[in-house]
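Colleague: could you work out the structure for the sequence below:
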Amino acid sequence: MTRPDRAVLHDTSGREVPRDTPTGVDLERAIAHQVRALRLASGLSVGDMAAKVGISKAMLSKIENAQTSCSLSTLARLAAGLDVPVTSLFRGADAHREAVFTKSGQGAEIVGRGTRAGHHYELLGALRGQHQRLEPVLVTLTDASDVFPLFQHPGTELLYMLEGEMLYGHGDSEYRLTAGDSLLLDGEGVHGPNELVSLPIRFLAVTAYPDNHQR
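Modeller: Next up is the predicted model:
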């Protein structure tokens, strides 16, 4: 029985084809995006790029606007001119791209180690990429307590101060953070607030966990 979320189509030979299989239009759009992005990153104009790969400016313009299908030879020329593998020109054509939207104040509250009166942790979403899991948390500290939880975990963490002032420790170092400051740290080093200087304190903590890490 066919699942509703995996509806299938049939090709000309009658074989089943998943509905999310890339179409010719998908491929053209992916190639258009990649060629343009790679050309701009290389600092080449349309004319320079066209001359480099041996096609007309009009043809390159059509490719970058997804208005034509590239032959294999043209794809090979483009890849050589951009100094990338041919497969990189198809990047994104067959991938479902996820996004997580969280309305203000509607993130999931995290209750666990380190949660105490005056310490509020709001998970703003989580997204697993190819090699890591990205997890942003909005932290609000409102209680002038003297004891703070310390954290240690695999991955890399970015702190961005939104409000207030605090002394934040990482390993043997200490940093004074105020609104607009950021701290990028190795999560394996023991870290956490040492002193809350000016309350309330709000900061965004974004952690990139390795793909094999289970939180």
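Colleague: helix or strand right after the lengthiest helix in the chain?
Modeller: Identified as the longest helix of the chain according to DSSP state H is helix 24-41. Next helix or strand after helix 24-41 toward the C-terminus (DSSP states H and E): helix 46-53.
Colleague: in that following helix, which residues are buried?
Modeller: 49-50, 52-53 (16 or more other Cβ atoms under 10 Å). For glycine as for every other residue, the C-beta is placed from the backbone atoms N, C-alpha and C.
Colleague: export those to a markdown table and tack on distance to E195 and pLDDT?
Modeller: Output for these, formatted as a markdown table (distance: Cβ to Cβ, whole Å; pLDDT from 0 to 100):
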| residue | distance to E195 | pLDDT |
| --- | --- | --- |
| M49 | 55 | 91 |
| A50 | 60 | 93 |
| K52 | 58 | 91 |
| V53 | 59 | 90 |
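Colleague: and of those residues, the nearest to A208?
Modeller: Ranked by distance to A208 (Cβ to Cβ), the buried residues of helix 46-53 are led by M49 at 34.0 Å.
Colleague: my read: the closest one touches G81, true?
Modeller: Yes. If you go by Cβ atoms under 8 Å, M49 and G81 touch, sitting 6.5 Å apart.
Colleague: about what we covered before: need the buried residues of helix 46-53 in TSV (columns: distance to S173).
Modeller: Below are the buried residues of helix 46-53 laid out as TSV (distance: Cβ to Cβ, whole Å):
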residue	distance to S173
M49	47
A50	52
K52	48
V53	50
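Colleague: R91 contacts R29, correct?
Modeller: No. Checked against Cβ under 8 Å, the pair R91 and R29 is beyond contact range at 11.6 Å.
Colleague: helices of the protein, start to end?
Modeller: Using DSSP H, helices in the chain cover 24-41, 46-53, 57-64, 72-82.
Colleague: those: which one's closest to L183?
Modeller: Closest among the helices of the chain, using Cβ to Cβ: helix 24-41, at 29.3 Å.
Colleague: hmm, who's touching the closest one?
Modeller: 22, 46, 49, 60, 63-70, 75, 78, 82, 84, 88-94 (Cβ atoms under 8 Å, 6 or more residues apart in numbering).
Colleague: hmm, 7 Å instead?
Modeller: With Cβ atoms under 7 Å, 6 or more residues apart in numbering as the test, helix 24-41 has contacts from 49, 63-66, 69-70, 78, 82, 84, 88-93.
Colleague: give me the nearest residue to N65, chain neighbours excluded.
Modeller: A32 (6.2 Å; Cβ to Cβ, 6 or more residues apart in numbering).
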